[in-house]
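Undergrad: 3D, please:
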Amino acid sequence: MSCRCILSSTTEHALLLRHRHVSLAMRPAAQLSRATKSSHSNISQHQRIHTTPRTNREWTMTPSREPSAHTHTSPTTPAPPPTPNDGHHLPPLSRELRTLMRLLPHSVVVCTSTTPANPKTHRPPTPRAMTMSSFTSLALSPTPVISFNISVPSRTYDAVEATRRFNIHILADDVNGARIADWLAKGNAGGRKVFEGLEEECECGFTEGSSVGDPPVLKGEGVLYVLRCRLLEEPVRGLVRVRDRVIVLGEVMEIVEGGADAEGERAGKRRRHERFGLLYADRRYRQLGNCITPAKDHG
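TA: Sure, this is the predicted structure:
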């Protein structure tokens, strides 16, 4: 299955919603939207249900727009008509929180791991991946620790739990990064075919580890950095169950550069050190916008 993780289940719902119009907006606070058919509000549900490959979709940069998320309506701002993905089945407070979470930008990263081979069924190792929006740094000393959460059941979660190793890919805030995020949000039902489609769909390749259980590494202009991680041993072996989700605690072992090749990115592209990572808010991929700084004291 695929997943998206979020600081709250609310954001994950937003990240997995499919839009009919997809674009990559670039303003101060640019949006990257993605063109796709209407889908499911939950990433894990999305991965289990949507398995049809999406091919050769066009992406573009578009101007920003005001947030569409409103927790309260007025006579001048009528409530939009309900849709299958609007969470009307949720309690009122949960719906309001989910809407509020759409106003908060979250980082978008891709986690990869590998389902071990099964000698009994002669099944070879299978690469897994999920797009997440709940990734965050948790601690830096004595070793760096990161965290995210996964909605279960999930094929990627099963791979992480089995091998206790995974890679986190920091994506570029442009069309290249958005393509990767969107393609790997489609789910893991296709197994290796999902990875084999990266080259055509995202101009992104991948390599599998030389050792058994090594997680895949994505390589392409949409990948800025790769964090090689393992589950944190103490105090709970890196996995904390919370209702239908699992909080994953990982120890970062190494950070390596991504990109098209070892020398960096192709001519005409921004250098890696000039980029921020991909963001997601209000059901669209986005770029970081303007800075807010204190005015100089003229007194």
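
Undergrad: where do the helices sit along this structure?
TA: 9-16, 43-49, 92-101, 155-163, 175-183, 192-196, 198-202 (DSSP state H).

Undergrad: reformat those helices as JSON lines; add mean neighbour count.
TA: In this view, the C-beta of every residue, glycine as well, is placed from N, C-alpha and C. As requested, these are exported to JSON lines (neighbours: other C-beta atoms under 10 Å):
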{"stretch": "helix 9-16", "mean neighbour count": "25"}
{"stretch": "helix 43-49", "mean neighbour count": "23"}
{"stretch": "helix 92-101", "mean neighbour count": "16"}
{"stretch": "helix 155-163", "mean neighbour count": "23"}
{"stretch": "helix 175-183", "mean neighbour count": "26"}
{"stretch": "helix 192-196", "mean neighbour count": "17"}
{"stretch": "helix 198-202", "mean neighbour count": "18"}
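
Undergrad: in terms of mean pLDDT, which of these ranks lowest?
TA: Mean pLDDT values for the helices of the chain show the minimum at helix 43-49, a mean of 31.

Undergrad: returning to that earlier point: can you redo the helices of the chain as JSON lines with distance to residue 254?
TA: Below are the helices of the chain laid out as JSON lines (distance: least, C-beta to C-beta, whole Å):
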{"stretch": "helix 9-16", "distance to residue 254": "27"}
{"stretch": "helix 43-49", "distance to residue 254": "27"}
{"stretch": "helix 92-101", "distance to residue 254": "32"}
{"stretch": "helix 155-163", "distance to residue 254": "16"}
{"stretch": "helix 175-183", "distance to residue 254": "21"}
{"stretch": "helix 192-196", "distance to residue 254": "22"}
{"stretch": "helix 198-202", "distance to residue 254": "22"}
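
Undergrad: number of residues surrounding the nearest residue to residue 159 once chain neighbours are set aside?
TA: Leaving out its chain neighbours, the residue that sits closest to residue 159 by C-beta to C-beta, 6 or more residues apart in numbering is residue 113, at 3.8 Å. Residue 113 has 27 neighbouring residues, counting by other C-beta atoms under 10 Å.

Undergrad: please apply the same query to the one 10 residues further on.
TA: Summarising burial for residue 123: neighbours were counted as other C-beta under 10 Å, giving 12.

Undergrad: which residues does the closest residue to it other than its chain neighbours contact?
TA: Leaving aside its sequence neighbours, residue 123 sits nearest to residue 117 (C-beta to C-beta, 6+ apart; 6.2 Å). When contacts are counted by C-beta atoms under 8 Å, 6 or more residues apart in numbering, residue 117 touches 123, 124, 125, 212.
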